[in-house]
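Trainee: Mind folding the following:
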Amino acid sequence: MAKIKNTPKKYVGDVEVDAVRKAYENRGFWYYFLVKEGLDNGLSLDFARDALREAGEYLAAGRFKDCNNIEEFADEFMTFGVEKVNEGEITKLTENEMEVELGHCPLVTAWQKLTDDEEYIGQLCDVCMDMDRGIAKGKNMEMELKATIAKGDDKCIFSFKMK
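Mentor: Now for the predicted structure:
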């Protein structure tokens, strides 16, 4: 019996949200097949981790470069995608920490269409979170992953903390 629970509960039927969810799903398909190709050619998941960390550091230096405190970071982080598509909300915001909960993941939706191997889906998710870990590193923060939909939790929960 499947343990992953990933059914959207908010904004269902909203044309804009549904369109972006489909785009995120498409990104999930690309990611899945790129990782699969690397694994099929003898690479370990580390190649994907390294790439996503670098992408995160790139975002830290670009998109998040003018975020000088956690409040500014939170404002930039909470995009339409995070808030609506992923059903995200900031559940804690202090001068040193931001905690986010996501209620839906279109990437997991894509991966569930491609495999029933929930352990592998959990691994793909953790590797994807390396982008956020890279953002944190680039902004001199720590990122803690507390729960994920891909591993059977009801929500994804993670935090960014200033060092």
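Trainee: Secondary structure class of the most centrally placed residue in the chain, three-state.
Mentor: Most central in the chain under C-alpha atoms, centre = their mean is residue 129, positioned 5.2 Å from the mean C-alpha point. What DSSP: H, G, I helix; E, B strand; the rest coil gives for residue 129 is helix.
Trainee: what's the nearest residue to it if we skip its chain neighbours?
Mentor: residue 145 (5.4 Å; C-beta to C-beta, 6 or more residues apart in numbering). Bear in mind the C-beta positions are built from the backbone N, C-alpha and C, glycine included.
Trainee: Now for that neighbour: which residues touch it?
Mentor: By C-beta atoms under 8 Å, 6 or more residues apart in numbering, the contact list for residue 145 reads 126, 129, 156-158.
Trainee: My guess is residue 77 contacts residue 93. True?
Mentor: No. Because the distance of 10.7 Å does not satisfy C-beta atoms under 8 Å, residue 77 is recorded as not touching residue 93.
Trainee: higher neighbour count, these two?
Mentor: For residue 77 versus residue 93, neighbours defined as other C-beta atoms under 10 Å are more numerous around residue 77 (20 against 14).
Trainee: Residue 49 versus the more buried one, what's the distance?
Mentor: Residue 77 sits at a distance of 21 Å from residue 49 (criterion: C-beta to C-beta, to the nearest Å).
Trainee: Give the pairing partners of the host helix or strand of the residue nearest to residue 129; include direction for each.
Mentor: Per DSSP states H and E: residue 145 is located in strand 141-147. Strand 141-147 has its sheet partners listed here by DSSP bridges as strand 156-162 (antiparallel).
Trainee: Report the buried residues of the strand it pairs with.
Mentor: For strand 156-162, the buried set under the neighbour-count rule, 16 or more other C-beta atoms under 10 Å, comprises 156-160, 162.
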